[in-house]
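Student: based on what follows, work out the 3D shape:
(one chain, ligands or ions: 1)
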Amino acid sequence: MITLALSKGRIFEETLPLLAAAGIEVTEDPEKSRKLILSTNRPDVRVVLVRATDVPTYVQHGGADIGVAGKDTLIEHSGSNGDHDGLYQPLDLNIAKCRMSVAVRADFDYATAVKQGSRIRVATKYTTIASEHFANKGVHVDLIKLYGSMELAPLIGVADAIVDLVSTGNTLKANHLVEVEEIMQISSRLVVNQASLKLKREAIRQLIQAFESAIPA
Ligand code: AMP
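Tutor: Down below sits the predicted model:
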């Protein structure tokens, strides 16, 4: 049995064509059911639905053999679990693409604050990525860890800036925030449990090959 960990939403939807290329069809709709373990047309493959941030943890601990997780999630995971997390990342799947950016209120002069060496208050869920980014720039920041709706923090005076994922930019625009710096491009990767890679080598190799042949340009 091969267990694949996915999160609902964009990653699930954009992984379906890759699974199809491997001859795998998920036979249950996660939006219509509360089931956490979904069956497929293949008796030897199942999908488990977990929170995006939990995908690396399930794969690391062997609860799933493989998974799909965003680059952001993987960096934050190794930031808090160390680099030796037993996760093999053989493929960038080029799906669920977006960027990690710094955004501020339209009336906050970010360039001047950075140039003057002011201490900047930054709200984010992505503390590993944010602290590394500002350390590399030599900018002093006070990081404020939030778990959601980062856009609110600058609006109510809790932070000067946020570090968040941006896709269309609509969320920032709706909250009168502007993107001032792109930190990195983000896409989702395949992660594989290292023990599974040894024990189920052939099945996993075939999956990786099929996924690779179907990666969108
Ligand atoms: P947008 O309004 O299209 O720029 O999307 C921004 C919002 O969607 C932010 O709150 C992000 O946290 C979230 N978001 C955008 N792209 C992704 C992604 N690939 N994975 C997870 N969250 C995302």
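Student: please name the bridge partners of the spatially most central residue of the chain.
Tutor: Central residue of the chain (CA atoms, centre = their mean): Gly70, 2.6 Å from the mean position. Going by DSSP bridges, Gly70 is paired in beta bridges with Ser188.
Student: I'd like to know which elements the least confident helix or strand in the chain by mean pLDDT is packed against.
Tutor: In the chain, no helix or strand scores lower on mean pLDDT, DSSP states H and E than helix 71-81, which sits at a mean of 93. Contact partners of helix 71-81 among helices and strands, from 3 or more CB pairs under 8 Å, 6 or more residues apart in numbering; DSSP states H and E: helix 55-60, strand 87-105, helix 127-137, strand 177-193. The C-beta positions use only the backbone N, C-alpha and C, and glycine is treated the same way.
Student: any idea which of those is most buried?
Tutor: Highest mean neighbour count of the helices and strands packed on helix 71-81: helix 55-60, a mean of 24 (counted as mean count of other CB atoms under 10 Å).
Student: please report phi then psi for Thr40.
Tutor: Per-residue torsions, Thr40: phi -130, psi 180 (degrees, to the nearest 10).
Student: residues near it, how many?
Tutor: 19 (other CB atoms under 10 Å).
Student: any figure for the gap between it and Lys8?
Tutor: For Thr40, the distance to Lys8 equals 16 Å [CB to CB, to the nearest Å].
Student: again, but for Lys97
Tutor: For Lys97, the distance to Lys8 - CB to CB - is 18 Å.
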